[in-house]
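>>> What would the 3D arrangement of this be:
(2 chains)
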Amino acid sequence: MRKLLLFGIVLLFAGFGLTAAGQAESVQQDEPVVIRIQGYGGQDPAIVVRLLNEVIGADLEKDNIKLVYEPIEGDYNAGLYNSLSAGTAGDILYVPVETAPGIIATGQIQPLNGLIDTTPFIDSLIEAYTINGDIFGIPKDFNTLVLYYNMDLFDEAGVEYPTDNETWSSLARKAEAISALGSDMYGIAFQPSYDRFGAFTFGAGWTPFDSQGKTNLMDPAFVSTFTWYTDLIKSGAAVMPSDLGQGWTGGAFATEQVGMALEGAWMIGFLNNDAPNIPFESALLPAADDGTKGNFLYTVAYGINRQTENLDAAVKVLAALTSEKAQQFILEEGLAIPSRKSLADNPYFKNDSREARANKAVFVGSSTGNVLGYQFGNVGTDWMTPINTAIVTVAAGEVSVQEALQAAQREIDEMMK
Amino acid sequence: MKKQTFIPWIFLLPFLISLSLFFVYASMRALMLSFTNYNLFNDYTFIGIENYKALFRDSNFLFALRNTVFYAFFVTIVQTFFALVLAALLNIKIRGINFFRAGFYLPSVTSSVVITVIFLWLFQRRGMVNFILSRMQALIPSVLTLILIIAAVQTLLVLLEKRRGMPVKILELPLLITSMLIAGLAVTALNSFGIIPIPEFEEINTIWLNTRESFMGIPRPLWAIIIQNIFTTIPTLMLIFLAGLQDVPPVLYEAARIDGAGPYLQFRYITIPSIRPVLFLVLTLSLIGTLQMFDQVAIYGDAVPLQSVITLAYYVYNRMFPGGTLPQVGMASAAAMFLAVITIAAVILQRLLIKSEADR
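Reported below is the predicted structural model:
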């Protein structure tokens, strides 16, 4: 019996050895240069595979480059830091704009100056990845917020559709008219969080970090925007998605109890799939009453790992991934808006479809008024939490605007100490 | 002889390798790093106890410490108590007991991440918790009336029977059922005639999660996590208690009954002493588990103000992967060491307490 056991163990180890040897051999037989891309999980792996198969694969094959996409599921940041530190990170990495300062500060991202021509890309996008003149990423695409509205509800209420020239006051009036349709009807869905609300503060002229790098929530521009936003929720003209049992304003919009919602281009695919019967259209975000618009720029860039052994091949892949061909594909799939300037005159935008119009609005939003990156300096996304709490507590009538903002200010000061 | 000692080592080897790699090596390295300024990417230098000093200047750490200590002691006590009560209830022999045992155990089978996501919805402003509270609030007048009428009718019936010379107890079952029926009919009548109206469904809009309000000095979101955690952990502990209870010899109870001991005395002087080792196990598991609470905080994430729910375990993670800035491995390791020390201290303290009672 014991002999049998020992024999089994020996056999097991021998098996491991053989497979390991087999793997080693197969690596040696692989001739193409393998470039590993590390990025988000979710739908991204499928998109990259399609991009590879349908658009850029043939070109890379000619250059004898093999592309492998390695998704990091869960906390992307934690996964990325670990693999960068351990030296196992991919050759090309996703660099999300909101955590870019930290990722670049690791010193593990290759500056791209002189390696890739960055002039064809939208300046504000490149800026978000520029530190002391060094450019650390090429934005793969971007999104901004637009105003989606449900034409049926506007017809029913006898209210004119929102236009590109809406102001806060005219938006509020229209929202009130829609909410008058019924007890469980609301004019607009407002996410109680800075990642949507912030766009309005930019329109009012507020910036997250002043000239000394400090955040000032007591700025009159911020306070008035905050009051306007929470008052709309309190009055019932606006509703928080969670009060309709939804996680985001898109979900609230799909219930057909809400007339308007602020989201990016990602909303189009969702509505086409989940609420195909809603006749929606889109407009630019409303402006502050002096006519200034504000917007967020959400983006993710491709960066190159400084430790890569195949810099030339990685640069080639990066160029292919951000080429006009690839961006046209992403655009027409309705996934995001391309980061190249030249695509402004893209014939796709002139299509007579609501999808094309919404995409065009997202594109125009990136250069209308005060547009800032979705970025929080060295603090990261934690910076938003105190503001989100302030919105919820004020909207619920738990505390006054003044109290809520003072508490949030204290917490942010503590963070930035 | 030699052969006999050789074989067990082979079986132990996989465990020993993983233990030495992922526990011994990892904790030694964390201890070492807690005295450095390592950030995953620099050549670190030793900076003495600077990290430990910095911890106590960081308000988030102090919040984490307060939350963790309160959470651990409160949850441990409450869930141990209820687990024991539940186990005692499920230890009786009635038809279909296995169904109840399985049913009560279900919350512990579900993964804590899934439960947390569900609770996120239950605790919404218009979620289930507020809905139930609103309903209960609306029914308070009716329920109070019901109880009053039951008491009145019961007293009346008992007095009548006593006058007839019957040996009735205060809660004599047939009489109680009669009073309940009468009271039920009376309240229904009062409700339908509008004398005691069921008030308009008044919504309770308590914000459970994204709020700075506190209750008894403890942030409301932390209470939400406490409620959820007690709900999910009780069944596991109950199962351990149940195993312990079934090992108590029935003869002890028989002897006690003959001596005239009631249920409380039996529980106090037979059950508790017999399951003391199990009690120690449960308390230890519970303390260690609560001191390391992490997943609920991580899932609640942006839905709650960080200071209200941050725990030491989450603080460690947050220092390690702050998002937007470089990891502070030194601080994270120092906080981890601190957590380890208080965990060990809590377990030793509790061991001493339980022992001293056993020796008494």
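>>> Show the contacting residues for the closest residue in space to A:Ala361 that isn't next to it in sequence.
Spatial nearest neighbour of A:Ala361, chain neighbours left out: A:Val146 (4.2 Å); criterion: C-beta to C-beta, 6 or more residues apart in numbering or on different chains. Just so you know, the C-beta spots here come from the backbone N, C-alpha and C atoms, and that holds for glycine as well. Taking C-beta atoms under 8 Å, 6 or more residues apart in numbering or on different chains, we find A:Val146 in contact with A:Leu262, A:Glu263, A:Gly264, A:Ala265, A:Ser282, A:Ala283, A:Leu284, A:Leu285, A:Ala358, A:Ala361, A:Val362, A:Gly365.
>>> who does A:Val146 bridge with?
Counting by DSSP bridges, A:Val146 is bridged to A:Glu263.
>>> buried set for stretch B:6-24?
Buried residues in stretch B:6-24, counting neighbours by 16 or more other C-beta atoms under 10 Å in any protein chain shown, are absent.
>>> Next, give phi and psi for whichever residue of the stretch 251-400 of chain A sits closest to chain B.
Of the residues in the stretch 251-400 of chain A, the one nearest chain B is A:Gly380, at a distance of 2.5 Å by C-beta to the nearest C-beta. Note on A:Gly380: its backbone torsions stand at phi 80, psi -170 [degrees, to the nearest 10].
>>> isn't A:Leu244 right up against A:Ala254?
No. Here A:Leu244 does not reach A:Ala254: they are 9.8 Å apart, not a contact under C-beta atoms under 8 Å.
>>> Just the element for B:Phe41, please.
Using DSSP states H and E, B:Phe41 sits in no helix or strand.
>>> what residues are up against it?
Contacts of B:Phe41 (C-beta under 8 Å, 6+ apart): A:Leu84, A:Ser85, A:Thr106, A:Gly107, A:Gln108, B:Leu326.
>>> what sits against the third one?
With contact set as C-beta under 8 Å, 6+ apart, A:Thr106 has these partners: A:Tyr81, A:Leu84, A:Ser85, B:Leu40, B:Phe41, B:Leu326.
>>> re the thing from before, so the residue nearest to A:Ala361 versus B:Leu90, what's the distance?
According to C-beta to C-beta, to the nearest Å, A:Val146 stands 57 Å off from B:Leu90.
>>> related to what we said a few turns ago, quick check on the contacts of A:Val146: which are buried?
Buried among the contacts of A:Val146 by 16+ other C-beta under 10 Å: A:Leu262, A:Glu263, A:Gly264, A:Ala265, A:Ser282, A:Ala283, A:Leu284, A:Leu285, A:Ala358, A:Ala361, A:Val362, A:Gly365.
>>> Next one, pLDDT for the residue nearest to A:Ala361 please.
pLDDT recorded at A:Val146 is 95.
>>> For the residue lying closest to A:Gln108 once chain neighbours are set aside, list the residues it contacts.
Spatial nearest neighbour of A:Gln108, chain neighbours left out: A:Leu84 (4.6 Å); criterion: C-beta to C-beta, 6+ apart. By C-beta under 8 Å, 6+ apart, the residues touching A:Leu84 are A:Leu93, A:Thr106, A:Gln108, A:Asn305, B:Leu40, B:Phe41.
>>> near chain B, which residues of the stretch 101-250 of chain A show up?
A:Pro101, A:Gly102, A:Ala105, A:Thr106, A:Gly107, A:Gln108, A:Pro192, A:Ser193, A:Met240, A:Ser242, A:Asp243, A:Gly245 (C-beta under 8 Å from any C-beta of the partner chain).
>>> before we move on, which element is the residue lying closest to B:Gln328 once chain neighbours are set aside in?
Nearest residue to B:Gln328, sequence neighbours excluded (C-beta to C-beta, 6+ apart): B:Arg319, at 4.7 Å. Taking DSSP H and E as the definition, B:Arg319 sits inside helix B:312-320.
>>> per the record, what domains does chain B have?
Domain assignment for chain B, taken from automatic domain parsing, gives B:51-110+B:214-359, B:131-192.
>>> does the last one come close to chain A?
No. Domain B:131-192 lies apart from chain A when judged by C-beta under 8 Å from any C-beta; the minimum separation is 11.5 Å.
>>> First-to-last residue distance for that domain?
Taking C-alpha to C-alpha, to the nearest Å, the first and last residues of domain B:131-192 lie 23 Å apart.
>>> coming back round to it: contact partners for the residue lying closest to the residue of the stretch 251-400 of chain A closest to chain B once chain neighbours are set aside?
Of all residues not flanking A:Gly380 in the chain, B:Gly324 sits nearest, at 2.5 Å (C-beta to C-beta, 6+ apart). Residues in contact with B:Gly324 (C-beta under 8 Å, 6+ apart) are A:Glu98, A:Thr99, A:Pro101, A:Gly102, A:Phe376, A:Gly377, A:Asn378, A:Val379, A:Gly380, A:Thr381, A:Asp382, A:Trp383.
>>> Apply 10 Å and report the result again.
Neighbouring residues of B:Gly324 by C-beta atoms under 10 Å, 6 or more residues apart in numbering or on different chains: A:77, A:98-103, A:105, A:375-383.
>>> Quick one: the contacts of A:Val146 as TSV, columns for pLDDT and secondary structure too.
Formatted as TSV, those follow (pLDDT from 0 to 100; DSSP: H, G, I helix; E, B strand; the rest coil):
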residue	pLDDT	secondary structure
A:Leu262	95	strand
A:Glu263	94	strand
A:Gly264	91	coil
A:Ala265	88	coil
A:Ser282	94	strand
A:Ala283	94	strand
A:Leu284	94	coil
A:Leu285	94	coil
A:Ala358	91	helix
A:Ala361	91	helix
A:Val362	90	helix
A:Gly365	89	helix
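>>> re earlier: and the gap between the residue nearest to A:Ala361 and chain B?
23 Å (C-beta to the nearest C-beta, to the nearest Å).
>>> Roughly how far does B:Phe338 sit from chain A?
From B:Phe338 over to chain A the distance is 20 Å, taken as C-beta to the nearest C-beta.
>>> so that residue sits in a helix?
Yes. Counting by DSSP: H, G, I helix; E, B strand; the rest coil, B:Phe338 falls inside a helix.
>>> longest helix of chain B?
helix B:128-163 (DSSP state H).
>>> elements contacting that one?
Using 3 or more C-beta pairs under 10 Å, 6 or more residues apart in numbering or on different chains; DSSP states H and E as the contact test, the elements touching helix B:128-163 are helix B:112-122, helix B:173-192.
>>> winner for burial among these?
Mean neighbour count (mean count of other C-beta atoms under 10 Å in any protein chain shown) peaks for helix B:112-122 among the helices and strands packed on helix B:128-163, with a mean of 17.
>>> Any part of that one near chain A?
Yes. Helix B:112-122 lies within reach of chain A by C-beta under 10 Å from any C-beta of the partner chain, at B:Leu120, B:Trp121.
>>> Which single residue in chain B comes nearest to chain A?
Of all residues in chain B, B:Gly324 sits closest to chain A, at 2.5 Å by C-beta to the nearest C-beta.
>>> I'd guess that residue is in a helix, am I close?
No. B:Gly324 is assigned coil when assessed by three-state DSSP, not a helix.
>>> pLDDT value on it, please?
So, for B:Gly324, pLDDT stands at 72.
>>> what number of residues lie near the closest residue to B:Val278 other than its chain neighbours?
Nearest residue to B:Val278, sequence neighbours excluded (C-beta to C-beta, 6+ apart): B:Gly244, at 3.3 Å. B:Gly244 is flanked by 21 other residues according to other C-beta atoms under 10 Å in any protein chain shown.
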